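Q: Coordinates for the following, if possible.
(one chain, ligands or ions: 2)
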Amino acid sequence: MLYLIMTTGRCNLSCRYCGGSFPDSLVPWEVKYRLDDLLDFLSKDREPIVAFYGGEPLLNTKLIGDLLDSMEPSKLVIQTNGLLARKLSPRLWRRFDAVLLSIDGREEVTDYYRGRGVYKRVLEAAAYIRKSGFKGDLIARMTVSEKSSILRDVLHLTSLGVFDHIHWQLDAVWSRDWGFKRWLRESYMPELTQLTSIWARKLSQGEVVGLVPLLGVLRALLFEPNPAPPCEAGVKAFAISTSGDILACPIAVDVEWGKLGSIESASPGELPGRVRIGSPCTTCKYFPVCGGRCLYAYMERLWGEEGFRLVCSSVKHLIEEVRRVKPAATRLLEEGVLSGEQLYYPKYNNTTEIIP
Ligand code: SF4
Ligand code: SF4
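A: Ligands and ions are numbered 1, 2, ... in the order given. Prediction:
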């Protein structure tokens, strides 16, 4: 199973769509449990995937170092803004299987949302991590919002030749409504159509551009249904707060349904399935691919039913666009132009949630 270990509730940035740190009262900025309790808890899972998460996880490199000196996870992942990349030694960077760096696309878009100079610092971090000898999957983790052009920002990131994969999440539901509906219709959905066509053209030439939402949807259409939800929150993925609480999802810090127990008293086997996606998703025809998208959004519906349906419309559009590619992808597999190995992504839960 996947464990998102929140090393601190604090963040060193205050991005426009997020607002920065969790309040100390909800996710303590210091770890409150003993390392041995965490190690005991994780030792009960034979193949734990460990992902460091925050706040900004690199604000607590001590926990990262101590944990990695004491255990060998089956896979090791971190989601970071990268600004403090040099705080972690090359020896530790080499142990990671996937590093997700937050960057929103072009410099002006990234710096508008994340702060002046952040774009350059993220690319410096990427260079440092690679120079450290990291050989794993370097993933750009975008948040896309009002100023984003999914076409231009994704193509910009692919043109850098820095990232193996690019994933994006919609700035929907968490913040106030910033004109999401109009942006979906006028910008995101038409540009997603264009982006998928460009991606499909590359596929036909035997080149798999690592766009996670497109690959993740194609995986479900070609190989097997996506998990529900695709991030596996509450099913096979759990967050461990700095308080020692086990959460169904790392955002579910202030809701009762999110709290599943604590590392001192619970064992991993007791956790799955206490909170699940249900109706209307389970009867939706897109469910085998969409998986209900996001457990938190499903439970909380912060933009109401209309907001929920609006986000659904973006998911359906994505799925239909990738569905158009399926016959060609099947043919390319049969002809041996592409292999299943190339198209099956992600191969393990690397914390990319697949459905934006
Ligand atoms: S498209 Fe909407 S209703 Fe359908 S499964 Fe996804 S989130 Fe649920
Ligand atoms: S996609 Fe939703 S449910 Fe899954 S980890 Fe993210 S916020 Fe939580």
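Q: Tell me the residues of the stretch 1-150 of the chain that contact ligand 1?
A: For the stretch 1-150 of the chain, no residue is in contact with ligand 1 (C-beta under 6 Å from any ligand atom). For glycine as for every other residue, the C-beta is placed from the backbone atoms N, C-alpha and C.
Q: Which part of the stretch 1-150 of the chain gets nearest to ligand 1, residue-wise?
A: Val144 (17.7 Å; C-beta to the nearest ligand atom).
Q: secondary structure class for the closest residue in space to that residue that isn't next to it in sequence?
A: Excluding the flanking residues, the one nearest Val144 by C-beta to C-beta, 6 or more residues apart in numbering is Trp168, at 5.0 Å. Three-state assignment for Trp168 (DSSP: H, G, I helix; E, B strand; the rest coil): strand.
Q: What about Trp168, how many residues nearby?
A: 24 (other C-beta atoms under 10 Å).
Q: Over to Cys284?
A: Neighbours around Cys284, by other C-beta under 10 Å: 15.
Q: isn't it right up against Gly291?
A: No - Cys284 is beyond contact range of Gly291, at 10.1 Å (criterion: C-beta atoms under 8 Å).
Q: circling back: tell me what the residue of the stretch 1-150 of the chain closest to ligand 1 is bridged to.
A: Leu170 (DSSP bridges).
Q: Tally up the residues packed near it, please.
A: For Val144, using other C-beta under 10 Å, the count is 24.
Q: which residues touch it?
A: Asp104, Gly105, Ile150, Asp153, Trp168, Gln169, Leu170, Asp171, Tyr188, Pro356 (C-beta atoms under 8 Å, 6 or more residues apart in numbering).
Q: ranking those by neighbours, who comes first?
A: Going by other C-beta under 10 Å, Asp104 tops these with 30 neighbours.
Q: Shouldn't that residue be within a helix?
A: No - read with three-state DSSP, Asp104 is coil and lies in no helix.
Q: For the nearest residue to it once chain neighbours are set aside, give its distance to Val311.
A: Take Asp104 and drop its neighbours on the chain: the residue closest to it by C-beta to C-beta, 6+ apart is Thr110, 4.4 Å away. Thr110 sits 23 Å away from Val311, going by C-beta to C-beta, to the nearest Å.
Q: which one of these two has more residues nearby?
A: The residue with more neighbours, out of Thr110 and Val311, is Thr110; 29 against 20, by other C-beta under 10 Å.
Q: picking up where we left off before, out of the contacts of Val144, which is nearest to ligand 2?
A: Once C-beta to the nearest ligand atom is applied, the member of the contacts of Val144 that ends up nearest ligand 2 is Gln169, at 7.7 Å.
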